[in-house]
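1. let me see the structure of the following:
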Amino acid sequence: MQSGPFDSKIVKLFTIMPSVPPYTKTLRQMIVVGFFAFFVGMAGILIFVGWLMWRFVEPDTRWFDLLHIAVNALIWSVIGGLAFAAGATWLLSKWQCWRGMYRCPNCGRPRKGIGSLCDCVRFPGCSQSQIGHTRMLGT
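-> Okay, here's the model as predicted:
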């Protein structure tokens with residue numbers, strides 16, 4: 001059985017993925033989950049508001065009133081999509097922390113959270129943001 005060029009690209013993608021650093025994997029997962037969660041949340045709320053319009057708007061409603069409702073539906077669907085994406089990426093971040101995908105840059109041990117402190121021997125009690133801050137200040 002012969003495979004096409006599309007099959008080999010998919011196989012290459014999955015064979016390359018284990019060789020990337022954990023931070024790259026977490027960033028890619030965050031982007032993909034946030035993107036899809038935004039569009040699922042936006043579409044869901046837009047469909048729901050469209051159903052509400054179809055169900056409860058009277059037939060003799062003027063066209064500019066319907067336009068006003070449609071614009072508000074778009075605004076609320078974007079806000080709902082953003083809220084859905086924020087919740088999904090928060091859950092993914094908690095799952096990634098539980099799996100140990102966030103590691104200390106100095107000792108390599110898994111962190112308990114994104115902003116959690118690591119008790120390294122090299123930099124005791126410093127988080128990554130504090131280390132970067134002191135490097136920028138030159139101290």
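2. burial count for residue 90?
-> 10 (other CB atoms under 10 Å). C-beta coordinates here come from the backbone N, C-alpha and C atoms, glycine included.
3. so which helix or strand takes in the residue most central in space within the chain?
-> In the chain, the C-alpha nearest the mean C-alpha coordinate belongs to residue 34, at 2.9 Å (CA atoms, centre = their mean). Using DSSP states H and E, residue 34 maps to helix 22-56.
4. thinking again about what came up before, any idea how far residue 46 is from the residue nearest to the centre of the chain?
-> Residue 34 sits at a distance of 18 Å from residue 46 (criterion: CB to CB, to the nearest Å).
5. okay, the angle between the helix or strand where residue 97 lies and helix 22-56?
-> If you go by DSSP H and E, residue 97 is part of helix 63-99. Calculated by axes from the mean of the first three to the mean of the last three CA atoms, to 10 degrees, helix 63-99 forms an angle of 150 degrees with helix 22-56.
6. show me what helix 63-99 is packed up against.
-> The contact analysis (3 or more CB pairs under 8 Å, 6 or more residues apart in numbering; DSSP states H and E) places helix 63-99 against helix 22-56.
7. centre of the chain to the helix it packs on, how far?
-> 10 Å (CA atoms, centre = their mean, to the nearest Å).
8. which residues of this protein score low on pLDDT?
-> Across the chain, the ranges flagged by pLDDT under 70 are 1-18, 113-115, 121-139.
9. same thing but 90
-> 1-29, 50, 52-70, 93-139 (pLDDT under 90).
10. and residue 69, what is it in contact with?
-> Counting by CB atoms under 8 Å, 6 or more residues apart in numbering, residue 69 touches 49, 53, 57.
11. go again using 7 Å as the cut-off
-> Residues near residue 69 by CB atoms under 7 Å, 6 or more residues apart in numbering: residue 53.
12. against residue 25, how distant is it?
-> 43 Å.
13. before we move on, the earlier item: buried residues in the helix holding residue 34, which are they?
-> 26, 29, 33-34, 37-38, 41-42, 45-46, 49 (16 or more other CB atoms under 10 Å).
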